[in-house]
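J.: Need a 3D model of the following:
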Amino acid sequence: MAAKEINRKGPNVPTEGRALKRFEQHIELGELDEIVSPWLPVRTRYLVTYMNSQTAARQRSATVVSVTNQSDKPNLVTVSWFKGFSDNSSPVGVTSFMIPPDYTVDFGSRDLPGELTVVNSVCTPELVFDEGRALVSSRQAEIGVSARVYYTTGDGDERLDSITDSKVVPFGQGNVGD
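T.: Next comes the predicted model:
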């Protein structure tokens, strides 16, 4: 958020007085900020089993991973994006964010219009022709994770066609089924 000016009327900014004051304090303390260097000590916690991020075809897509910090401390969270036929050693993109306690941040494979969803932390580089998976890592273990793929049409993602949920499983463990 330091790189961007905060829109105090934006959809992710609290409107209730006490919550807004806490939000501003987190910004001043540097606890609510996009992290430039993703290579900080974190542990891989979750696997997002399907990621799709396309802009070249008529049907476009982007994946958004929502992470809620349930820890009582600020939590560095990193989302690493991987192509399907690759191992976990070389992501095609990475994004990190220091999340204050009780806050939720949306990590995107690429940016989407705010009318669809507000992406707080966009993958570097933005993914425009990729399909695969994502790994979610954090310093503190107490995080909640969900993921979805937005399918759109139009050069600027003007029309939302559908949203699908991607399965999120604990990293290194099998899927226990649905």
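J.: Strands of the chain, residue ranges please.
T.: 33-35, 43-54, 60-69, 75-83, 93-99, 104-108, 121-122, 129-138, 143-153, 159-166, 168-170 (DSSP state E).
J.: CSV please, covering the ones you listed and showing distance to G114.
T.: In short, each C-beta sits where N, CA and C put it, glycine included. Converted to CSV, the strands of the chain look like this (distance: least, CB to CB, whole Å):
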stretch, distance to G114
strand 33-35, 17
strand 43-54, 18
strand 60-69, 12
strand 75-83, 20
strand 93-99, 17
strand 104-108, 11
strand 121-122, 12
strand 129-138, 22
strand 143-153, 13
strand 159-166, 13
strand 168-170, 24
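J.: Just put these in TSV and tack on mean neighbour count and mean pLDDT.
T.: Output for these, formatted as TSV (neighbours: other CB atoms under 10 Å; pLDDT from 0 to 100):
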stretch	mean neighbour count	mean pLDDT
strand 33-35	17	51
strand 43-54	20	96
strand 60-69	24	98
strand 75-83	23	95
strand 93-99	23	93
strand 104-108	22	97
strand 121-122	20	95
strand 129-138	20	96
strand 143-153	19	98
strand 159-166	13	96
strand 168-170	16	95
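J.: Which one of these lies nearest to E115?
T.: strand 159-166 (8.6 Å; CB to CB).
J.: what's the closest of the strands of the chain to V176?
T.: Closest to V176 of the strands of the chain, according to CB to CB: strand 168-170, at 7.9 Å.
J.: So in that sheet, which strands flank that closest one, and in what orientation?
T.: strand 43-54 (antiparallel) (DSSP bridges).
J.: next one: the strand it pairs with to chain centre, how far?
T.: Using CA atoms, centre = their mean, to the nearest Å, the distance from the centre of strand 43-54 to the centre of the chain it belongs to is 10 Å.
J.: Stretch 102-111 now?
T.: Using CA atoms, centre = their mean, the distance between the centre of stretch 102-111 and that of its chain works out at 3 Å.
J.: ok, now stretch 164-177?
T.: The answer for stretch 164-177 is 17 Å, by CA atoms, centre = their mean.
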